[in-house]
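predicted model follows, preceded by the sequence.
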Amino acid sequence: MSAVLPIAAQTPAGKPERWAELADTIFRNYGVDDGVPISTVTAFAEDGDGFLWVGTMAGLARWDGYHFRVYRKDPAKSGALRDDFVWCLQPDSQGRLWVGTNGGALSRYDRTTDSFVTIDAEAGGNENIPVRALAQDGAGGMWAGTDRGLVHIGPDGARIPSQTSENAGLPARAVTSLLHDEMAGSGWAPKPG
């Protein structure tokens, strides 16, 4: 049987001085008036350079600590996003940001050109298959969950056909959530018995 202490007798975890530093923390909300494309936010991520990225249904915004810079679809501009509706964001092991969109494309931000490299999630460039989930593979590539299953993209952006849902024995159904397993590929395996 365990004892329950009165609330006044319980102390917060960690050192009390740690909590004192947070006593005056001020939170600020950012919205459309501050440069976010729309108030409906679909994803957040931090890249390897420390930029915060905000995915919305109307574009992608990068926060540098002072201002938002918005990236949107622009068919006339090379290196623009294919679609403004961002479902998911995921940095990879190299700190690069990957963006899954509603328009069937996966984009990788290229910091040297301040633009995006776009990879079709499916062969043939089907723009009607949303990329709803991303998880890094631990080797610089990305797993993409789409409305038709799972797709593996290599670090160079090439789709790896042997790892599509159909070839991996998975049903070709929507994959809406993925999680990178830190133990995968580490040589760790459960002991039998």
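Cool, the structure landed. Numbering: from 1, shown residues only.

pLDDT weak spots in this protein?
1-23, 25, 122-127, 161-172, 183-193 (pLDDT under 70).

so which residues of it form helices?
16-21 (DSSP state H).

now do the same end-to-end measure for stretch 137-152.
8 Å (C-alpha to C-alpha, to the nearest Å).

grab the nearest non-local neighbour of D110.
V117 (5.7 Å; C-beta to C-beta, 6 or more residues apart in numbering). All C-beta spots, glycine's among them, are computed from the backbone N, C-alpha and C.

contact partners for that neighbour?
By C-beta atoms under 8 Å, 6 or more residues apart in numbering, the contact list for V117 reads 79, 107-108, 110, 157.

how about it: which residues does it bridge to?
R108 (DSSP bridges).

what about the closest residue to F85 other than its chain neighbours, neighbour count?
Distances taken as C-beta to C-beta, 6+ apart place N102 nearest to F85, at 3.6 Å, with adjacent residues excluded. Residues lying near N102 (other C-beta atoms under 10 Å) number 20.

can you pull the phi and psi angles for N102?
Reported as degrees, to the nearest 10, the phi and psi values for N102 are phi -70, psi -20.

contacts only, for it.
Counting by C-beta under 8 Å, 6+ apart, N102 makes contact with 83, 85-87, 130.

try it again at 6 Å.
Counting by C-beta atoms under 6 Å, 6 or more residues apart in numbering, N102 makes contact with 83, 85, 130.

was I right to think the last one contacts D147?
Yes: under the contact definition of C-beta atoms under 6 Å, P130 touches D147, with a separation of 5.4 Å.

the two: who's more crowded?
Neighbour count, other C-beta under 10 Å: between P130 and D147, P130 has more, with 23 against 18.

can you tell me the closest non-neighbouring residue to that one?
N102 (4.5 Å).

most neighbours, which of the contacts of V117?
Greatest neighbour count in those, by other C-beta under 10 Å, goes to S107: 26 neighbours.

any idea how far F51 lies from Q136?
17 Å (C-beta to C-beta, to the nearest Å).

likewise T113?
22 Å.

these two: which has the busier surroundings?
Neighbours around T113 and Q136, counted as other C-beta under 10 Å, are more numerous at Q136. The numbers are 19 against 10.

let me know whether the more buried one touches D92 as I believe.
Yes: here Q136 lies in contact with D92, judged by C-beta under 6 Å, at a distance of 4.6 Å.
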